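Colleague: Sequence plus the predicted model coming up.
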Amino acid sequence: MSAIVNLSQLHKDHGDFAERVFKMSGQDVRKCYQCGKCSAGCSVHIFNGMDVSPNRVMRMIQLGMEQEVLNTRSIWACVLCSTCTARCPRDIDIPRVMDALRIEAKKRGITQKFKNANVFHDVFMNSIIKYGRVYELGLFIGLKLKQSGNLFADLEMGVPALINAATRLPKFPPKVKNPDEIRKIVENCKRIEGEK
Amino acid sequence: MRYAYFPGCSLHSMETAYDRSVKAVSKHLGIELWEIPDWVCCGASSAHSVGHLVGLAIPAKTLVKAEKEGLDVLAPCAACWQRMVWVNHEVNTSPKMKEKISKAIEEEIKGTSKIFSIIDGLAAVGMEKISHAVKKPLKGLKVASYYGCYYVKPPKVAHIDDPENPQLMDEMMKAIGAEAVDWPFKTECCGTSLIFQDLDTTLAMSKKVIEMAVKSGADVIVTACPVCEMNLDMRMAQINKRFKTSFHIPVVYFTELMAYAMGSTPQEIGLDKGHCGETKSLLAKIS
Ligand code: SF4
Ligand code: SF4
């Protein structure tokens, strides 16, 4: 990330960003006073899974660094464990903010930083739309075909573990009487969200 | 006691040891489970990142079936449980969201069924009754109860116990005669949801949990979350390879130990073959 930011320019162009995040997530990030407690307990951050710590994500929203924050890895890396929420003295539900930023980034097509995770979400949604329940084997094959990266990384799990897991995996898709239910809900939601 | 049972996808797929042991414990304790007919996937962990409404509406569809039956829900999967708790939270605090969800699922959601996790759902029968049902106390077994992140956080919405140092699972382990190890990482996240994107971080997070349980002297880690269980159990060999460690601690569901103590055989509940890791040492210790 660039080290120098032009605060007055940001304020002029994106001064309402915190307000928009508030509307999207129900969380008022302006209340954050940068104590850093959220980051201190965030395992993902501690193990270097984020490019920007959670408290800095909050600060970037306050400053109107809209483009920058939507382009972080952190908004996708957050595992929504809510450890930070439990400890935030300003009562901010940080993962809800992360989730809202993800939805926004996805809308704008900014998903490169976490391409595989996004492929996962897509394949997962397709699976439950099609079957009503998760069909893991289908999901797994779909993922392996579409994700970039090491196709054989799973071998590292060790052969006995893999064999045990494979024997427990159902070979056929689940059967529900109403596999169409989720598809209908997804369509309805799109319509309702579009209405307002 | 009668619950509407929502097993969720994991319990019907790979994690049958969880499903079987939950059913067995319930039977031992006289809890009746009515499986919600034609339940659908709760949508975790993707739907809520696709859209807020869709993340609520999908689990609401299953929840409404329990409401109609007038029953509280028992959802042993931590993710399913939390998704449903969020639905109730929104329905009961925002009339506007309630209306939107109802529209999306084309029937009215009322928010009248309580959502129990397997931890508070079983604890509700009382520790005394639990210890009365025990036939084979698990004397001398040191258990690290791993709650994970979903059951206790965020405390305002989804919590069954103290967010930093929960006790319910420990209490139940004591009630079946085992020793509950006091350890600091009860509610740390295992990192599974990053697995498809950032394996390194997932493995580092999981390693930390396993390591702490071992250091605290536990013979076994018990969980109440199919995602944690699958991750810690299945990835242990991989963790050992990466970090040159030699962990071999079994990771099982707390309900398996409960059912076993109450008289179920390992075969009945999957304690023999339901896991990637070795459970022989564990079985030797408790038989
Ligand atoms: S814990 Fe809360 S107040 Fe403190 S830095 Fe994080 S978000 Fe801000
Ligand atoms: S919810 Fe996200 S930001 Fe908060 S502690 Fe967990 S991973 Fe970190």
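Modeller: Arrived safely. Ligands and ions are numbered 1, 2, ... in the order given.
Colleague: Which helix runs longest in chain A?
Modeller: helix A:115-131 (DSSP state H).
Colleague: Could I get the CA-only coordinates of that one as CSV?
Modeller: Presented in CSV, the C-alpha positions along helix A:115-131 are these (Å, rounded to 0.1, in the frame of the first residue of the first chain):
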residue,chain,number,x,y,z
LYS,A,115,-9.7,-15.8,-6.2
ASN,A,116,-9.8,-19.4,-4.9
ALA,A,117,-12.1,-18.4,-2.0
ASN,A,118,-14.4,-16.8,-4.4
VAL,A,119,-14.4,-19.8,-6.7
PHE,A,120,-15.3,-21.8,-3.6
HIS,A,121,-18.2,-19.6,-2.7
ASP,A,122,-19.5,-19.9,-6.3
VAL,A,123,-19.1,-23.6,-6.6
PHE,A,124,-20.7,-24.0,-3.1
MET,A,125,-23.7,-21.9,-4.0
ASN,A,126,-24.2,-23.8,-7.2
SER,A,127,-24.0,-27.1,-5.4
ILE,A,128,-26.7,-26.2,-2.9
ILE,A,129,-28.9,-24.5,-5.5
LYS,A,130,-28.7,-27.7,-7.5
TYR,A,131,-29.1,-30.3,-4.8
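Colleague: Please determine whether it lies in contact with ligand 2.
Modeller: No. Using Cβ under 6 Å from any ligand atom, helix A:115-131 stays clear of ligand 2, coming no nearer than 13.3 Å. Using the backbone N, CA and C atoms, a C-beta is placed for each residue, glycine as well.
Colleague: Off-centre distance for that helix?
Modeller: Computed by Cα atoms, centre = their mean, to the nearest Å, the chain-centroid distance of helix A:115-131 equals 13 Å.
Colleague: Next: stretch B:194-214.
Modeller: With Cα atoms, centre = their mean, you get 18 Å for stretch B:194-214.
Colleague: for stretch B:24-39, same thing?
Modeller: Per Cα atoms, centre = their mean, the centroid offset for stretch B:24-39 relative to its chain is 15 Å.
Colleague: rewinding a little: buried stuff in the longest helix of chain A?
Modeller: Using 16 or more other Cβ atoms under 10 Å in any protein chain shown as the test for burial, helix A:115-131 gives A:116-125, A:127-129, A:131.
Colleague: pLDDT on it, on average?
Modeller: Average pLDDT, helix A:115-131: 76.
Colleague: which other helices and strands contact it?
Modeller: helix A:136-146, helix A:181-195, helix B:47-50 (3 or more Cβ pairs under 8 Å, 6 or more residues apart in numbering or on different chains; DSSP states H and E).
Colleague: May I have the predicted confidence score for residue B:24?
Modeller: 97.
Colleague: Tell me how many other residues surround residue B:211.
Modeller: 16 (other Cβ atoms under 10 Å in any protein chain shown).
Colleague: cool, and the one 5 residues further on?
Modeller: Number of residues near residue B:216 (other Cβ under 10 Å) recorded here: 14.
Colleague: For chain B, which element, helix or strand, carries the lowest mean pLDDT?
Modeller: helix B:47-50 (a mean of 76; mean pLDDT, DSSP states H and E).
Colleague: Work out the gap between it and the centre of the chain.
Modeller: Using Cα atoms, centre = their mean, the offset of helix B:47-50 from its chain centre is 21 Å.
Colleague: what about residue B:80, how many residues close to it?
Modeller: Neighbour count for residue B:80, taken as other Cβ under 10 Å: 28.
Colleague: Helix or strand: which one has it?
Modeller: If you go by DSSP states H and E, residue B:80 is part of helix B:78-93.
Colleague: Please name the residues that touch residue B:138.
Modeller: Neighbouring residues of residue B:138 by Cβ atoms under 8 Å, 6 or more residues apart in numbering or on different chains: B:176-178, B:257, B:260-261, B:286.
Colleague: What parts of chain A come near ligand 2?
Modeller: A:38, A:41-42, A:44-45, A:54, A:78-84, A:94-95, A:98.
Colleague: can you tell me the residue of the stretch 1-150 of chain B closest to ligand 2?
Modeller: Taking Cβ to the nearest ligand atom, ligand 2 has its nearest neighbour within the stretch 1-150 of chain B at residue B:149, 7.1 Å off.
Colleague: quick one: that residue and chain A, what's the gap?
Modeller: 4 Å (Cβ to the nearest Cβ, to the nearest Å).
Colleague: Look up phi and psi at that residue.
Modeller: phi -90, psi -30 (degrees, to the nearest 10).
Colleague: ok, the least confident helix or strand of chain B near chain A or not?
Modeller: Yes. Applying Cβ under 8 Å from any Cβ of the partner chain, one finds helix B:47-50 touching chain A at B:47-50.
Colleague: before we move on, the earlier item: which of the helices and strands packed on helix A:115-131 has the lowest mean pLDDT?
Modeller: Sorting the helices and strands packed on helix A:115-131 by mean pLDDT places helix A:136-146 lowest, at a mean of 61.
Colleague: In which helix or strand does the residue positioned nearest the centre of chain A reside?
Modeller: Centroid-nearest residue in chain A, with Cα atoms, centre = their mean: residue A:76, separated by 4.0 Å. According to DSSP H and E, residue A:76 maps onto helix A:74-77.
Colleague: got a list of contacts for that helix?
Modeller: Under Cβ under 8 Å, 6+ apart, the answer for helix A:74-77 is A:44-45, A:49-54, A:57, A:69, A:98, A:101-102, A:105, A:111, A:113-114, A:117-118, B:194, B:197-198, B:201.
Colleague: ok, then the element right after it?
Modeller: Next along from helix A:74-77, by DSSP H and E: helix A:83-87.
Colleague: Touching, residue B:179 and residue B:145? I think so.
Modeller: No. Counting by Cβ atoms under 8 Å, residue B:145 is not a contact partner of residue B:179; they are 11.0 Å apart.
Colleague: Residue B:275 is in contact with residue B:250, correct?
Modeller: Yes. Applying Cβ under 8 Å as the test, residue B:250 and residue B:275 come out as touching, 7.0 Å apart.
Colleague: Identify the contacts common to the two.
Modeller: residue B:233.
Colleague: shaky segments in chain A?
Modeller: The model of chain A has pLDDT under 70 over residues A:1-3, A:135-175, A:195-196.
Colleague: per the record, what domains does it have?
Modeller: Following automatic domain parsing, one gets these domains for chain A: A:8-107, A:119-195.
Colleague: returning to that earlier point: could you list every helix and strand in contact with the helix holding residue B:80?
Modeller: Against helix B:78-93 (3+ Cβ pairs under 8 Å, 6+ apart) you get helix B:52-69, strand B:72-75, helix B:95-105, strand B:115-117, helix B:226-234.
Colleague: nearest residue to residue 65 other than its sequence neighbours?
Modeller: Chain wasn't specified; assuming chain A. Using Cβ to Cβ, 6 or more residues apart in numbering or on different chains and skipping residues adjacent in sequence, the residue nearest residue A:65 is residue A:10, 6.3 Å away.
Colleague: try chain B instead
Modeller: Leaving aside its sequence neighbours, residue B:65 sits nearest to residue B:36 (Cβ to Cβ, 6+ apart; 5.1 Å).
Colleague: picking that back up, of the buried residues of helix A:115-131, closest to residue B:2?
Modeller: residue A:128 (28.3 Å; Cβ to Cβ).
Colleague: what about the residue nearest to residue A:65, how many neighbours?
Modeller: 18.
Colleague: which element is it on?
Modeller: helix A:7-14.
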